[in-house]
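Asks: sequence first, predicted coordinates after that:
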Amino acid sequence: MARTRRPLTDEEIQEFKNMLLQKKDEIWQAIRDDLKSRVSEEYYSLINDVNDEEDLAQIDLQEEVILGVLEARKKELEAIDQALWRIEHGEYGRCLECEDWICIERLKVRPWAIYCRDCKERLERLGKV
């Protein structure tokens, strides 16, 4: 499949902005759901019924998992906010490394992408991302 590298039209930029805003809403909803589950009766029951070190280890493990998930979601939100900033400042769709246009196909899959595929792969090989 040929990669399409060109400036985005105003309509395409608006579509990507809508995609980013929708994804941001989805992430915030997932965060709210995660936090609600943390205060559920089941969680409080688990905490209140701690009997031994194994129970404490189970609670610690659950907390580490949820914190890891929340950290990943935080990074996604930051990337989305950066993409929205680039839209507002007329910089959206350009690779931060080579300054060429990011393929539209890549943006459709990952609208917060900041590197074209070639630069992303090169930076990954170098361990820089």
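Replies: Happy to help now that I have it.
Asks: all strands for this protein, in order.
Replies: Ranges of strands within the chain: none, based on DSSP state E.
Asks: looking at it, which helix or strand is least sure?
Replies: When each helix and strand of the chain is scored by mean pLDDT, DSSP states H and E, helix 41-48 comes last, with a mean of 66.
Asks: where in the protein is pLDDT low?
Replies: 1-2, 39-51, 55 (pLDDT under 70).
Asks: mind giving me the domain split of it?
Replies: 10-92, 93-129 (automatic domain parsing).
Asks: Arg3 is nearest to which of those?
Replies: Taking Cβ to Cβ, domain 93-129 is the member of those nearest to Arg3, at 4.2 Å. To be clear about C-beta, it is placed using only N, CA and C from the backbone, and glycine gets the same treatment.
Asks: how much distance is there from that closest one to the middle of the chain?
Replies: 15 Å (Cα atoms, centre = their mean, to the nearest Å).
Asks: may I see the buried residues of it?
Replies: 93-95, 97, 101-103, 106-107, 111-116, 119-120 (16 or more other Cβ atoms under 10 Å).
Asks: how about the nearest residue to Ile27, chain neighbours excluded?
Replies: Counting by Cβ to Cβ, 6 or more residues apart in numbering, Arg73 is the residue found nearest to Ile27 once chain neighbours are left out, at 5.2 Å.
Asks: the one you found contacts Arg32, doesn't it?
Replies: No: the pair Arg73 / Arg32 is not scored as a contact, 10.8 Å apart, by Cβ atoms under 8 Å.
Asks: these two: which has the busier surroundings?
Replies: Using other Cβ atoms under 10 Å, the more surrounded residue of Arg73 and Arg32 is Arg73, with 16 against 10.
Asks: and that one, how far from Trp112?
Replies: Applying Cβ to Cβ, to the nearest Å, the value for Arg73 to Trp112 is 13 Å.
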